[in-house]
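K.L.:
quick one, structure for this:
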Amino acid sequence: MALTRRTPEMNPCGSSLPDLEVPMINTIVTCLGIEHRKLNYLAVQLAFAATTLVRDPASVTANLRALEVWDEIRRDLWSHLQIEDELVFSWGEAHHATSAGLLDDLKIERQHMRELIAALPAWSSGVNHQPLTAVDQTAFAQTLLALARMLDSHVERYDGEVLPSILRALFHR
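P.N.:
Sure thing, here's the model as predicted:
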């Protein structure tokens, strides 16, 4: 049985979808922008909680706040990143919406983000866990602070460079 390869220009019925593609991609870009505003707010909250925790690693309140904010970010982060990846690395690459250099930078950013997240303990504020030592608490806070910086950079890059390039490619076809 021969497999038929589908191209981005074809739907399952074999005809193009230009009338649906423009509003769909435009809606995705708009939704990502809305999510970025929320993510930016949470990144600021995470940076504040992590900074407080760095200053006072024994602070139970600061630890709980940092965990709460991280939980809120973590809930939506992977699906958000997956949608961005599909938009940028699939649609955007197929339509030459972004430069190869930018795509390489975005891949490096994603890898750094994964490394930071992997360095975080799997704890959440709603789960009982062993108390951290002061050294572990400081490392935890510094990792959260680095993640907050990464998220801030991510939002700035996407809102200022990536999403506008997707829209330019979408409307200049």
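
K.L.:
now whichever strand or helix holds Leu67: buried residues?
P.N.:
Following DSSP states H and E, one finds Leu67 within helix 60-85. In terms of neighbour count (16 or more other C-beta atoms under 10 Å), helix 60-85 has its buried residues at 62-63, 65-70, 72-73, 77, 80, 84. C-betas here are computed from N, CA, C, even on glycine.

K.L.:
swap in stretch 103-118?
P.N.:
Result for stretch 103-118 [16+ other C-beta under 10 Å]: buried residues 103, 106, 110, 113, 116-117.

K.L.:
out of those, which is nearest to Asp56?
P.N.:
In terms of C-beta to C-beta, no member of the buried residues of stretch 103-118 lies closer to Asp56 than Leu116, at 22.1 Å.

K.L.:
quick check: that closest one touching Gln142?
P.N.:
No: with contact defined as C-beta atoms under 8 Å, Leu116 does not reach Gln142; the gap is 10.2 Å.

K.L.:
distance from the chain centre to the lowest-mean-pLDDT helix or strand in the chain, please.
P.N.:
The weakest-scoring helix or strand in the chain, judged by mean pLDDT, DSSP states H and E, is helix 93-94 (a mean of 89). Helix 93-94 sits 20 Å away from the centroid of its parent chain (C-alpha atoms, centre = their mean, to the nearest Å).

K.L.:
low-confidence ranges, the protein, go.
P.N.:
1-18, 122-132, 173 (pLDDT under 70).

K.L.:
all the helices of this structure, residue numbers only.
P.N.:
Taking DSSP state H, the helices of the chain run over residues 18-55, 60-85, 93-94, 100-119, 134-157, 163-171.

K.L.:
can you count the residues close to the closest residue in space to Arg168 that isn't next to it in sequence?
P.N.:
Leaving aside its sequence neighbours, Arg168 sits nearest to Ala97 (C-beta to C-beta, 6 or more residues apart in numbering; 7.2 Å). Ala97 has 23 neighbours, counted by other C-beta atoms under 10 Å.
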